[in-house]
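K.L.:
Predicted model and sequence follow; I will ask about them next.
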Amino acid sequence: MAEKFLARHTTASLRTLLDGKKPVVALIPVGSTEPHGPHLGLATDVVISAAACVKACELFEKKGPLTALIAPALPYGVTDCATGFAGAVSVPAAALTAYAAAVCDGLLASGIRHVCLVNNHLEPAHDAAIRAVVAGREGRVSVACPLTKKWARTLSAEFKSGACHAGRYETSIMLAAAPEMVDDSMRSVLAPVPISLSQKLGEGVTTFLEMGMELAYAGDPAAATVAEGEQLIHRLAEMVVGEVREALGLPT
């Protein structure tokens, strides 16, 4: 496989790729810098998005006729739910939309055929800010996010329950994608926290602390496994490929 990371290309090697026969799409991992319990790193959401992008590049290579590149990530987002915890770095929604849109426009202007924002930070205001980038760029920009119902139903029971912030779902993916960012001795003794973020947000409860997530996690991290993480990464990659091909009018 050709070099899949945009940042590792030279201007000459990128030009050769853009001048080739296969259209080039750019995948941008999108996430946040926020607490994920006492066992996962602050960059968890970005790492999950990046892992999905890496696997998606493999799937694109098999499906054709596109070449996928992974662009540098957008590691900050709207993280107001994590207010009160160290490491929660939130940016205004309007600023995030403007910045992400400018990045997409720059990639498109360089000759990239399509840009997909691969987002795994699921705070509603953040999701809305990222999806707002598509307006006026339909067919050229897409969003791949598991909050979309057709992709959510392909994921694990914990994810669908909404009790999935740094729980079994995210911890499994991190064990598979970046085990060095998991404090395994800590996560293995954490008790399940059966709090559904989606339910609480629907009730108007907007912060982890108000929800009762005193350690900034929900779900069951002690039940996480590498095997489940690998399976989930594959499903997230299928989501990325599906969104891009649909946006370009290609069979999915």
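P.N.:
Perfect, thanks for sending it. Nothing here was measured: the structure is a model prediction, and the numbers come from that model.
K.L.:
could you pull out the helices for the stretch 51-200 of the chain?
P.N.:
For the stretch 51-200 of the chain, the helices defined by DSSP state H, counting those that start in this stretch occupy 93-109, 124-131, 149-152, 157-161, 168-177, 184-187, 197-202.
K.L.:
how far away is residue 211 from residue 195?
P.N.:
Using CB to CB, to the nearest Å, we find residue 211 at a distance of 5 Å from residue 195. No exception for glycine: its C-beta is placed from N, CA and C like everyone else's.
K.L.:
any residues in contact with both of these two?
P.N.:
Common contact partners of residue 211 and residue 195 (CB atoms under 8 Å, 6 or more residues apart in numbering): residue 218.
K.L.:
contacting residues for the residue nearest to residue 165 when sequence neighbours are not counted?
P.N.:
Nearest-residue entry for residue 165: residue 218, 4.8 Å, with adjacent residues in sequence omitted and distances by CB to CB, 6 or more residues apart in numbering. Residues in contact with residue 218 (CB under 8 Å, 6+ apart) are 163-167, 193-197, 211.
K.L.:
Also residue 71?
P.N.:
Counting by CB under 8 Å, 6+ apart, residue 71 makes contact with 6-7, 26-28, 103, 107, 115.
K.L.:
Kindly recompute the last result at 6 Å.
P.N.:
Neighbour list for residue 71: 6, 26, 28 [criterion: CB atoms under 6 Å, 6 or more residues apart in numbering].
K.L.:
So which of these wins on neighbours?
P.N.:
residue 28 (27 neighbours; other CB atoms under 10 Å).
K.L.:
So that one: helix, strand or coil?
P.N.:
Judged by DSSP: H, G, I helix; E, B strand; the rest coil, the three-state class of residue 28 is strand.
K.L.:
and the gap between it and residue 249?
P.N.:
For residue 28 relative to residue 249 (CB to CB), the value is 21 Å.
K.L.:
can you check residue 3 too?
P.N.:
Relative to residue 249, and taking CB to CB, residue 3 is found at 27 Å.
K.L.:
same check, this time on residue 7
P.N.:
The value you get for residue 7 to residue 249, if CB to CB is used, is 29 Å.
K.L.:
ok, now residue 141?
P.N.:
Distance from residue 141 to residue 249, by CB to CB: 14 Å.
K.L.:
Tell me how many other residues crowd residue 177.
P.N.:
Neighbour tally, residue 177, other CB under 10 Å: 22.
K.L.:
again with the one 4 residues further on
P.N.:
Other residues near residue 181 come to 16 when the count uses other CB under 10 Å.
K.L.:
State the pLDDT value of it.
P.N.:
For residue 181, the model assigns a pLDDT of 98.
K.L.:
Which residues are in contact with it?
P.N.:
Per CB under 6 Å, 6+ apart, neighbours of residue 181: 41, 174.
K.L.:
Residues contacting stretch 37-46, please?
P.N.:
29, 31-33, 36, 73, 75, 87, 120-121, 166, 174, 181, 183, 186-187, 215-217, 221.
K.L.:
What residues of that stretch count as buried?
P.N.:
37, 39-46 (16 or more other CB atoms under 10 Å).
K.L.:
circling back to that earlier point, residue 3 and residue 249: who's more crowded?
P.N.:
Using other CB under 10 Å, the more surrounded residue of residue 3 and residue 249 is residue 3, with 14 against 7.
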